[in-house]
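S.K.: Fold the following.
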Amino acid sequence: MTIEQIKKLAQTPAYNFLRTDPHLGDRIMFLTLGGSHAYGTSTPTSDIDIRGCTMNNASEIVGLSNFEQFVETTTDTTVYAFNKLISLLLNCNPNTIEILGCRPEHYIYMTDLGREMISNRKMFLSKRALYSFGGYANQQLNRLENALARDHLSQAKKEEHIRRSMENSVKSFESRYTNFEAGSIKLFTDVSQREDWDQEIFADIHLEHFPARQFNSMMNDLHNVIGTYEKLNHRNHKKDDAHLNKHAMHLVRLYLMCIDILEKEEIITYREADHDLLMSIRNGAYQNEDSTYKPEFFEIIADLKKRLEYAKENTSLPAHPNMKEVEEFVMSVNRRALNG
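M.R.: Next comes the predicted model:
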């Protein structure tokens, strides 16, 4: 589907919520493509994802109301509230920072405020990208490692493997949650009380006065690691191999985007230069018949990790965004939102 066809699709009744929902309508700052169409890795069966940003209203800015995002699952549409989006951008969240670096023609709708935000996108870039993109890349790598371990390890070894995957997630909590201290969650395997298991993963958790919603989010992350692995035990190989190859492609894409941010200080969402490599991974060129991955794929990952390490040591990006600059921009936008 061409961009012009997608723009016409956004005008159909299926997307009327963009015009009628009180949080959207004339409050929308910009709308753009998301997912594979934004990356340049779409296939004929790829879904249309729309992402965007909308201004907060007065009660959300100076009152007690809270609105973070609008989600419409049927059309795969997510529109972030401006204030929520800012908090995600400050951490260089991959799912949101990418919507500021789309191709100009991929923006379906744009206001002056939206254009101002996108033209000032570099104020959100910092070394935090290393940890946020790294966390997402680890999630993709976990899925691949889980698939490799599925058929070749004993039950006890599989538990050890899952534990290491969970520990990767716990490590990311230190950068994602300001109240989380290293060592607050310790994972280990021990003798299981289950009749059919030898070993089982256990956790020692020591948290005090910790935000319940953040705790719930962390537990969901750990639950997802286990859930992903268990799904692989009952998977449809043909269907799931396609998903695994998609995860493998996104793993490489995340590394490449992070390297660009650190080296070029730019957000390059559409991966034109990497298109052939990414699509070859998606189409299974690096997967063996038994669903494992060829050594060449892991050589690519090892090379990207080296490049990322070099970029980290040599980037001129600051450790953290310039909070004063961001705050001035946020106040400017919210003043105009209050003034209609």
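S.K.: quick one: the strands in the chain?
M.R.: 28-34, 49-54, 69-72, 77-81, 107-110, 185-191, 199-205 (DSSP state E).
S.K.: Can you tell me which of the ones you listed is nearest to residue 260?
M.R.: strand 28-34 (18.1 Å; C-beta to C-beta). (C-beta placed from N, C-alpha, C; glycine too.)
S.K.: ok, longest helix in this structure?
M.R.: When the chain is parsed with DSSP state H, its longest helix is helix 237-264.
S.K.: Which elements pack onto it?
M.R.: helix 94-97, helix 128-149, helix 275-282, helix 295-314 (3 or more C-beta pairs under 8 Å, 6 or more residues apart in numbering; DSSP states H and E).
S.K.: what sits up against the last one?
M.R.: Which is helix 295-314. Contact with helix 295-314 is made by 127, 130, 134, 141, 248, 251-252, 255-256, 258-259, 262-263, 277, 281, 286-287, as judged by C-beta atoms under 8 Å, 6 or more residues apart in numbering.
S.K.: Let's see that with 7 Å instead.
M.R.: Here helix 295-314 makes contact (C-beta atoms under 7 Å, 6 or more residues apart in numbering) with 130, 248, 252, 255, 258-259, 262-263, 286.
S.K.: which one of those residues sits closest to residue 95?
M.R.: For those, the closest approach to residue 95 (C-beta to C-beta) belongs to residue 258, at 13.4 Å.
S.K.: how about the CA coordinates for the worst-scoring helix or strand of the chain on mean pLDDT, as CSV?
M.R.: The helix or strand of the chain with the poorest confidence is helix 128-149; it has a mean of 79 (mean pLDDT, DSSP states H and E). This file holds the C-alpha atoms of helix 128-149, laid out as CSV (Å, rounded to 0.1, in the frame of the first residue of the first chain):
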residue,chain,number,x,y,z
ARG,A,128,20.4,7.1,27.4
ALA,A,129,19.7,5.7,24.0
LEU,A,130,22.4,3.1,24.7
TYR,A,131,20.4,1.6,27.6
SER,A,132,16.9,2.0,26.2
PHE,A,133,17.7,0.5,22.8
GLY,A,134,19.9,-2.1,24.4
GLY,A,135,17.0,-3.2,26.6
TYR,A,136,14.7,-3.6,23.7
ALA,A,137,17.4,-5.4,21.7
ASN,A,138,17.9,-7.8,24.6
GLN,A,139,14.2,-8.7,24.5
GLN,A,140,14.5,-9.6,20.8
LEU,A,141,17.7,-11.6,21.6
ASN,A,142,15.9,-13.4,24.4
ARG,A,143,13.3,-14.7,22.0
LEU,A,144,16.0,-16.1,19.7
GLU,A,145,17.9,-17.7,22.5
ASN,A,146,14.8,-19.2,23.8
ALA,A,147,14.0,-20.8,20.4
LEU,A,148,17.6,-22.2,20.2
ALA,A,149,17.3,-23.7,23.7
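S.K.: how far away is the residue nearest the centre of the chain from residue 84?
M.R.: For the chain, the residue nearest the mean C-alpha position is residue 95 (3.9 Å; C-alpha atoms, centre = their mean). According to C-beta to C-beta, to the nearest Å, residue 95 and residue 84 sit 12 Å apart.
S.K.: Please apply the same query to residue 67.
M.R.: Separation of residue 67 from residue 84 (C-beta to C-beta) stands at 8 Å.
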